[in-house]
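Q: next one to model:
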Amino acid sequence: MASSTSILVHNNKILLILRDDKPEISEPNTWQLPGGGVEEGEDYFQAISRELEEEISIIPQQLKYLGSAPGDTKVFFAFLNDEEVMNIKLGNEGQKLEFFNLEDAFKINLTKKLQFYLSKFKDGIVELIKNGEVGDTASLGLN
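A: Predicted coordinates for the structure are as follows:
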């Protein structure tokens, strides 16, 4: 299934959402990046915009496309400003929203895909969080 996901950063921390604790969903009660599936008639940017509105109640002003990840997933990025962070509210999906530095993110129950991704591409993600860009998107596992 086509999907869009986002790496949203504020004060050198990434925003994660705790998935609902429902047995009918995959990997319930685990943390993931905000995002979700592309619905019929949507492009990837429309999908991430809708998902962010549904999950965190804002669409970041500086949201930009980073690249394509395996499994037909498009990855977007934004530095969030203070006003955007103040307006973040948990929407109609998930249990909780929280910002984590990478070190602390490895200590929580992440989805398998996110745990793999953060482990394999840690250096590129650190560069992205620090600078807002990377020299080569391959350092993030993206095309």
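Q: just checking, Tyr117 touches Gly124?
A: No. Counting by C-beta atoms under 8 Å, Tyr117 does not reach Gly124; the two are 10.1 Å apart. C-beta here means a position set from N, CA and C on the backbone, and glycine is covered the same way.
Q: and these two? which has more neighbours close in?
A: Higher neighbour count among Tyr117 and Gly124: Tyr117, with 21 against 18, using other C-beta atoms under 10 Å.
Q: nearest residue to that one in space, please, no chain neighbours.
A: Gly141 (6.6 Å; C-beta to C-beta, 6 or more residues apart in numbering).
Q: how many other residues sit next to the one you found?
A: Applying other C-beta under 10 Å, we find 17 residues neighbouring Gly141.
Q: on that earlier part again, between Tyr117 and Gly124, what contacts are shared?
A: Gly141 (C-beta atoms under 8 Å, 6 or more residues apart in numbering).
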